[in-house]
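Q: here's a sequence, model it:
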Amino acid sequence: MLLLLLKDKIHLEDLLPAGESRDEETESIALWDVVKQLPPREQQIIVMRFIQEKTQSEVAAHLGLSQAQISRLEKAILNHLKNLLL
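A: Numbers count the residues shown, from 1 in each chain. From the prediction side, this is the model:
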């Protein structure tokens, strides 16, 4: 279930270089594999932001961080996911 929700919120084509694509099944497997590689806190941020659709401020309050910290972490996490997928 988590995989389906995450797949609906984060699409590999958004992380891949322009012009590259993967079929839906390959996308699901690849995305699940890379998310499992993230540290628990990064997984939690991804889930809260893209599955639970929480704002950066809501995630920050939950984790005891500032919104700016969540913004930086989110950007770094998405770049990390992109690098793992390439």
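Q: what segments of the protein are helices?
A: Ranges of helices in the chain, per DSSP state H, are 2-9, 12-15, 24-37, 40-46, 56-63, 67-85.
Q: for the fifth one, packing partners?
A: What that stands for is helix 56-63. Where contact means 3 or more CB pairs under 8 Å, 6 or more residues apart in numbering; DSSP states H and E, helix 56-63 is packed against helix 40-46, helix 67-85. Bear in mind the C-beta positions are built from the backbone N, C-alpha and C, glycine included.
Q: lowest-confidence stretch among the helices of the chain?
A: Mean pLDDT is lowest for helix 2-9 among those, at a mean of 50.
Q: how far away is residue 56 from residue 69?
A: Per CB to CB, to the nearest Å, residue 56 is found 9 Å from residue 69.
Q: neighbours around residue 42, how many?
A: When neighbours are defined as other CB atoms under 10 Å, residue 42 has 17 of them.
Q: give the contact list for it.
A: 73, 77, 80 (CB atoms under 8 Å, 6 or more residues apart in numbering).
Q: so the last one sits right up against residue 38, yeah?
A: So the one you mean is residue 80. Yes: under the criterion of CB atoms under 8 Å, residue 80 makes contact with residue 38 at 7.2 Å.
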